[in-house]
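**Q** need coordinates for the below:
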Amino acid sequence: MSKGSASQGLRYLLDLGAVRTVYVAGDRRAHYEAVAELRNLANRFLRQQVLTYFDDSQDGWTAS
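**A** As a prediction, this is how the structure comes out:
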């Protein structure tokens, strides 16, 4: 896997809330851990995917 693909995948998981940044004392590198709260993860995914779809579909719709 390329660094770019890994970076994009990680950004997607961060935006989705599936992983979070963790502070490690004495280390300047970024560390991450998985988020195990399935309800929050599913809620954010649905909000991001479904509501974005509906928002996009309303852009072309006008009331008469």
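
**Q** what separation do you get for Asn40 and Arg11?
**A** For Asn40, the distance to Arg11 equals 18 Å [C-beta to C-beta, to the nearest Å]. Where you see a C-beta, it was placed from the backbone N, CA and C, and this is true even at glycine.

**Q** ugh, wrong one, Glu37
**A** For Glu37, the distance to Arg11 - C-beta to C-beta - is 20 Å.

**Q** likewise for Arg20?
**A** Taking C-beta to C-beta, one finds Arg20 at 13 Å from Arg11.

**Q** do Gln48 as well
**A** With C-beta to C-beta as the criterion, Gln48 and Arg11 are 13 Å apart.

**Q** higher neighbour count, these two?
**A** The residue with more neighbours, out of Gln48 and Arg11, is Gln48; 14 against 10, by other C-beta atoms under 10 Å.

**Q** please work out how many residues are found near the closest residue in space to that one that isn't next to it in sequence.
**A** Excluding the flanking residues, the one nearest Gln48 by C-beta to C-beta, 6 or more residues apart in numbering is Leu16, at 6.7 Å. For Leu16, the neighbour count with other C-beta under 10 Å is 15.
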